[in-house]
Structure formats: structure tokens, C-alpha cells
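1. Model the structure of this input:
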Amino acid sequence: MQIEQLLEKMSSLKLYGMATALRTQMQQKDIGQLSFDDRLGLLLEHEILHKEDKRLTSLLKKAKLRESANIESIEYKASRKLNRSKILSLSTGLFIKNNHNVVITGATGVGKTYIACAIANSACRSGFKSKYLHLPKFIEELSLSHADGSFSTLMGKLQKFDLLILDDFGLTPITTKQCHDLFNIIEERYKTRSTIITSQLPVNKWHTYLGEPTLADAVLDRILEQVERIEIEGDSMRNLKKVESS
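-> So this is what the prediction gives:
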């Protein structure tokens, strides 16, 4: 079989990584020194890498992470009081396998969203489906979904994600109806999926923020039953970067 015919068959089978690798092999003068098994092994390795890269690209695209963040770039300055071991442990994705949650709190600008997105980035690299949501905006979208009848569909889509980031919890006032919607999100994911929540509010103020005591109890019980806590201290990272760049 001619090489071009072989390449066409690979493409028809969507073996694009193998096809690219074969083209590269044909341009190497000393490729004949390798055995058939070695050459085939290289082609298969390229195909596996191609599929892994394609899957990762798809996962990151669907995640729509607010920050282009990664675990390796997190700064562990003493003033931030970050536990490196805990964050590295979260980056393995074990908490997702165990359906645990993560709560990240701290003042504005200290890097809560960055760390949440870095953990989600690692989750995508491990094959987990992740999704970033800015909670104040999404709560409004949920309110509108009740009016057009798409609420159930929207909730069903959320449940497909192994990891969900709810960013900026407590940033804006919340109505009783919106609190019910938040409860529904948490309830659907309780012990079946993982959620990362970031907030400027300390956890001990969440109950007061949610308002209705019974509903607040139900929400917090489900969030905090199996949770990893990260409390970030120090100055705003945004302000520090402005000073450094000036």
C-alpha cells in the first residue's frame, strides 16, 4: 500500500496523530534503523498524545475559566498564609473523586478566583469536566430561566460537571427565591459532585447572609459537611502588581 493511501485511511479513521507522526517519520533518513514494532509504537504514542491534547482543549473550552491559572504559578508568600501541601493535594483531583467541596475565603483581590481556576485547570488535565460560574450573574440567569421554562434544563447541564466553581458568593444581596435556587444547585450536587465556592464573606457570616434560617441551615450543612477550607490573607494581589509595574 502506498504511503498516501495509508495516510488517507488513517485520516478516514480520525487517526490524525498517527498520520502526522507517519509524515514526520518519512522525512527522517535514519528511520529505517528502527524496527517495525518501534515505529508502530511511536505512531501509537503520537495518537494517544493527540487525543489527550484534543480532550484537554475541549475540557478547558467548556470550563470557561475566568483566569488562565495553573498550580505552578501560585505565590506562597508568608503573608498569604497558604498551605502549599493542601493546594497541591487538591490539584490531584482526589477531592473530586470523593465528592468533597472546597471553600476559599479572603478579602477582595487576594487571589481566590485564581486559586479556584488553578485547581479547576488541574482537574481538566486529569480528565474531569469543570465549569466556572460567576455566582451573582448566574443567580440572575436562574431567575430568568424560571420565566422561560428552561430551569430544569439548566440544572441538568450543571449536574454533568464533575467540578463547579461558584465565584463571589455573598457579593450581592440575595432574595429568598434566589436562595432556593442556590439550595437546589447544592442539593443536586450533594455527595455526587464537587463544588468550589469563593467568597469575601467569612464562613461564619454566611448564615446571616442567606437570611431564612431553615434554608440557610440546609445550604450550609450540605456545603460544609465534607469540605476543604482555604483562607487567604495578605494584601490585594492586584494592588501589588500595580505597584510592581509602576
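
2. List the buried residues in stretch 96-106.
-> Residues Ile96, His100, Asn101, Val102, Val103, Ile104, Thr105, Gly106 are the ones in stretch 96-106 that count as buried (16 or more other Cβ atoms under 10 Å). C-beta: built from backbone N, CA, C; applies to glycine.

3. If I look at the fourth one, what pLDDT would I see?
-> Pointing back at Val102 there. Here the pLDDT value assigned to Val102 is 98.

4. Quick one: residues contacting Ile186.
-> By Cβ atoms under 8 Å, 6 or more residues apart in numbering, the contact set of Ile186 is Thr195, Val219, Arg222, Ile223.

5. The first one: how many residues sit nearby?
-> Right, Thr195. The number of residues packed near Thr195 is 23, by other Cβ atoms under 10 Å.

6. now the helices for the chain?
-> Taking DSSP state H, the helices of the chain run over residues 3-12, 16-26, 36-63, 84-91, 94-97, 112-125, 135-148, 151-158, 176-189, 206-210, 213-224, 237-245.

7. From the centroid of the chain, which residue is nearest?
-> In the chain, the residue lying closest to the centroid (Cα atoms, centre = their mean) is Ala120, at 2.5 Å.

8. Now distance to Lys137 too, for the buried residues of stretch 96-106, in TSV please.
-> Below are these laid out as TSV (distance: Cβ to Cβ, whole Å):
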residue	distance to Lys137
Ile96	24
His100	26
Asn101	21
Val102	21
Val103	20
Ile104	18
Thr105	20
Gly106	21
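
9. ok, the residue nearest to the centre of the chain touching Ile165?
-> Yes. Between Ala120 and Ile165 there is a contact at 5.8 Å, judged by Cβ atoms under 8 Å.

10. what is in contact with those two at once?
-> Leu65, Ser130, Tyr132, Ile196.

11. can I assume the second one is in contact with Asp162?
-> Yes. Contact between Ser130 and Asp162 holds when scored by Cβ under 8 Å: they sit 6.7 Å apart.
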